[in-house]
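**Q** Mind folding the following:
(chains A and B)
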Amino acid sequence: MALPAVKSALDCADFSIGVTPFLGQLRPLPGAIFASITDPAALKQIYLDTNPLISAFAFSLALFPIFLILSEINKNYSQVDRLWSILPTIYNAHFVLYAHLMGFDTKRLDTLLAASCIWSVSAFK
Amino acid sequence: MLLLSITTPTYLILLASRLSSASGSPVEPWTTGDLVFSRLMIACVMLCFFADQQQWNYQHAKQSYQKNAKVPPKFNREDLDRGFIVSGLWAWARHPNFAAEQAFWLTLYQWGCYTTNSLYNWTGVGALAYLALFQASTLFSEWITSGKYPEYKEYQARVGKFVPRLGTEFKA
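**A** Numbers count the residues shown, from 1 in each chain, chains lettered A, B, ... in the order given. The predicted structure is shown next:
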């Protein structure tokens, strides 16, 4: 399972329960993605099977070289600035999407995402 | 990666939501606290927006004053001569916009703590790193600004950086 077995609210906040068991998912992830790159159904399964925090982390790692290349090509560092206002909401949206796909109750998460979107809109330069 | 770290409280809330979906669960799907936190976050955005707006209006007025030596309406000469804004939200803190920004993500962290019944948790690292970044960048920008405007040092002495100092108001 991609999510930890939690029994209490406090368990959710425990790093050794919520994060550590899934760190091993990071390394095989790029290989798994490339292997199924042409298969949307398989990609969706990978998305669901990967702990959302790990997939978000992998995404942020992947962004790094893309960033470097983009800002070198454009010689335009304000790209980073713009991304600054959008990226947190993208991460939040990813978590909320995951919860929706898993069928959780999402009222709290949806409200969180709304607040995050409002922030992004106002922070966007 | 810093930007991911400030959203880690959302992961906690995701885990908690899974608990709230099961029947007889220890986590309520929605409480008054959730309403408070979400409204607080939006209030931070509004604060930030107004602070930025005030700054923009001031800079605009300053530029037009410098160009045609006429003081625009709603401003006074002394304020424009000073070179930097000290009125409105900027009378309460030197960087009200940054304060509101940091408050926004701090509030998300608190929301995560509240939802998971934790006094503090590992996602605080993201919020802390964010604060550290702001400390460093405002240090730098204030160094530049105080070099440009002689009265800035007095502003720094009187008005707090992000948190208002009680009993002090910058009188124009």
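**Q** gap between the nearest residue to B:Pro72 once chain neighbours are set aside and chain A?
**A** Nearest residue to B:Pro72 in three dimensions, chain neighbours excluded: B:Ala61, at 4.5 Å (C-beta to C-beta, 6 or more residues apart in numbering or on different chains). Every residue, glycine included, has its C-beta placed from N, CA and C. Using C-beta to the nearest C-beta, to the nearest Å, B:Ala61 is found at 21 Å from chain A.
**Q** tell me what the helix or strand containing B:Ala61 is packed against?
**A** Using DSSP states H and E, B:Ala61 falls within helix B:32-68. Under the contact criterion of 3 or more C-beta pairs under 8 Å, 6 or more residues apart in numbering or on different chains; DSSP states H and E, helix B:32-68 touches helix A:107-123, helix B:77-82, helix B:96-115.
**Q** what packs against the longest one?
**A** Same thing as helix B:96-115. helix A:107-123, helix B:2-6, helix B:8-21, helix B:32-68, helix B:124-148.
**Q** Pull the distance from stretch B:107-116 to the chain's centre.
**A** How far stretch B:107-116 lies from its chain's middle: 18 Å, per C-alpha atoms, centre = their mean, to the nearest Å.
**Q** That stretch: which residues count as buried?
**A** Within stretch B:107-116, the residues that count as buried by 16 or more other C-beta atoms under 10 Å in any protein chain shown are B:Thr107, B:Leu108, B:Tyr109, B:Gln110, B:Trp111, B:Gly112, B:Cys113, B:Tyr114, B:Thr115, B:Thr116.
**Q** Just the closest of those to A:Asp81, please.
**A** Nearest to A:Asp81 out of the buried residues of stretch B:107-116 is B:Leu108 (C-beta to C-beta; 21.1 Å).
**Q** can you pull the contacts of the residue nearest to B:Pro72?
**A** B:Pro72, B:Lys74, B:Phe75, B:Leu80 (C-beta atoms under 8 Å, 6 or more residues apart in numbering or on different chains).
**Q** Just say helix, strand or coil for the third one.
**A** The one in question is B:Phe75. Secondary structure assignment for B:Phe75 (DSSP: H, G, I helix; E, B strand; the rest coil): coil.
**Q** Can you give me the distance of the residue nearest to it when sequence neighbours are not counted to A:Thr20?
**A** Distance criterion C-beta to C-beta, 6+ apart; nearest residue to B:Phe75, sequence neighbours excluded, is B:Ala61 at 4.8 Å. Using C-beta to C-beta, to the nearest Å, we find B:Ala61 at a distance of 55 Å from A:Thr20.
**Q** Where does pLDDT dip in chain B?
**A** Counting by pLDDT under 70, the ranges of chain B that qualify are B:19-26, B:167-172.
**Q** center of it, which residue is that?
**A** Computing the C-alpha centroid of chain B and ranking residues by C-alpha atoms, centre = their mean puts B:Ala100 first, at 1.8 Å.
**Q** Let me know whether it touches B:Met41 as I believe.
**A** No - taking contacts as C-beta atoms under 8 Å, B:Ala100 lies outside contact range of B:Met41: 10.3 Å.
**Q** can you tell me if the helix or strand harbouring A:Arg82 touches chain B.
**A** Here A:Arg82, judged by DSSP H and E, is contained in helix A:78-101. Yes - with C-beta under 8 Å from any C-beta of the partner chain as the criterion, chain B is reached by helix A:78-101 at A:Trp84, A:Leu87, A:Pro88, A:Tyr91, A:Asn92, A:Phe95, A:Val96, A:Tyr98, A:Ala99.
**Q** Thanks a lot, catch you later.
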